[in-house]
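Chemist: give me a 3D structure for the following:
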Amino acid sequence: MAIGASSAQTAGEETDTTERGNPSQLRRRLGRSDLRAVPEARRELRELLRHWGRPGRSEIAELLTSELVTNALVHTDREAVLTAVVEQSQLRVEVRDFVARRPRMCAPDTDSDDGTHGRGLVLVDAFADAWGVQPHEVGKSVWFELDAEAA
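Modeler: Numbering: from 1, shown residues only. Below you'll find the model as predicted:
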């Protein structure tokens, strides 16, 4: 299943059925500072992962994806691209932005108004089976992987 949509419009959204065992993919452009894209990306990922992995794995994927999407939109003030590739045994999610500055893992900001800032990469580090940052000629991708059967 390939899904592509802009958060500003859903034109261009398409669904392809693939045979079992072949990878399925979600690819979505994220509009500049469009935080409505966060729940939309979670919903699209949930649909993609409907029959994937052990119980709880798709929920972890949703959480980590929303953290990466939020980071890209809040900390770069630019557009980004979300790509998720699901195979029978593994999921890889990456969020590419177009700012070279590498993300830093830091302690949560307990002085912030709502106490929620600074947890994104801490959560990714805690729950992902693997994760990293891939520099590009323009910008970078922050990615994570989850094994379908990990506990």
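Chemist: helix, strand or coil for Arg50?
Modeler: coil (DSSP: H, G, I helix; E, B strand; the rest coil).
Chemist: that one: what's it in contact with?
Modeler: Ser58 (C-beta atoms under 8 Å, 6 or more residues apart in numbering). To be clear about C-beta, it is placed using only N, CA and C from the backbone, and glycine gets the same treatment.
Chemist: try Asn71
Modeler: Val95, Pro103, Gly120, Leu121, Val142.
Chemist: tell me how far the helix or strand containing it is from the chain's mean position?
Modeler: Assigned by DSSP states H and E, Asn71 falls within helix 57-76. Distance, stretch centre to chain centre, for helix 57-76: 5 Å (C-alpha atoms, centre = their mean, to the nearest Å).
Chemist: again, but for stretch 96-104
Modeler: Counting by C-alpha atoms, centre = their mean, stretch 96-104 comes out at 14 Å from the chain centroid.
Chemist: repeat for stretch 78-91
Modeler: Distance of stretch 78-91 from the chain centroid (C-alpha atoms, centre = their mean) equals 6 Å.
Chemist: what does that stretch rub up against?
Modeler: 20-21, 23-32, 41, 45, 48-49, 52-53, 57, 61, 65, 68-69, 72-73, 92-99, 145-149.
Chemist: follow-up on the earlier one: and the contacts of Asn71, which two are the farthest apart?
Modeler: Val95 and Leu121 (11.9 Å; C-beta to C-beta).
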